[in-house]
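S.K.: generate a structure from the sequence data that follows.
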Amino acid sequence: MVTYGVVVQFGNGSLLKSALTTTARWGDLTGPAIEGAQGPPPDGEVDFLNLTGCVDRFQGVSGAPPLEWADLHPGVPNGLVDFNDIGSVVDAFRGFAYPFPLPDPCPSPRAAEDGLPG
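M.R.: Here you go, the predicted model:
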């Protein structure tokens with residue numbers, strides 16, 4: 001899991017919003033049900049619930065994790081949940097590392113203004 005700081009900045013330098021967000025663990029699509037939630041959120045564990053959630057999304061079952069959570073394969077989402085995605089959850093359960101290249105870091109707004117790399 002990785003925590004990112006997100007800042008939205010206007011061209012005049014004023015800030016609109018800043019927040020922190022944390023990615024889910026690779027293959028962690030769901031967890032125990034939470035009353036009133038759209039779907040059970042990731043819980044930091046990769047277990048049978050995640051495999052079931054990915055299969056449910058593949059089958060179009062109501063209450064399945066959102067497409068954006070279950071579309072694990074390839075590294076750049078393709079908008080589909082298929083057997084490659086299900087296999088990715090199995091690989092994560094087996095302890096395999098994230099198999100895709102990591103994206104380049106975003107440049108900081110200050111670096112971009114100064115013409116420097118991020």
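S.K.: quick check: Gly53 is in a helix.
M.R.: Yes - according to DSSP: H, G, I helix; E, B strand; the rest coil, Gly53 belongs to a helix.
S.K.: per-residue pLDDT, it?
M.R.: Looking at Gly53, its pLDDT is 92.
S.K.: nearest residue to it in space, please, no chain neighbours.
M.R.: Thr30 (4.0 Å; C-beta to C-beta, 6 or more residues apart in numbering). C-beta here means a position set from N, CA and C on the backbone, and glycine is covered the same way.
S.K.: do the same with Asn84
M.R.: The shortest distance from Asn84 to any non-neighbouring residue, by C-beta to C-beta, 6+ apart, is to His73 (3.9 Å).
S.K.: so who does that neighbour touch?
M.R.: His73 sits next to 82, 84-85, 87-88 when contact means C-beta atoms under 8 Å, 6 or more residues apart in numbering.
S.K.: name the SS class of it, please.
M.R.: Judged by three-state DSSP, the three-state class of His73 is coil.
S.K.: for it, give its distance to Val8.
M.R.: 30 Å (C-beta to C-beta, to the nearest Å).
S.K.: again, but for Glu35
M.R.: According to C-beta to C-beta, Glu35 and Val8 sit 32 Å apart.
S.K.: what do you get for Ala33?
M.R.: To Val8, Ala33 is 33 Å away according to C-beta to C-beta.
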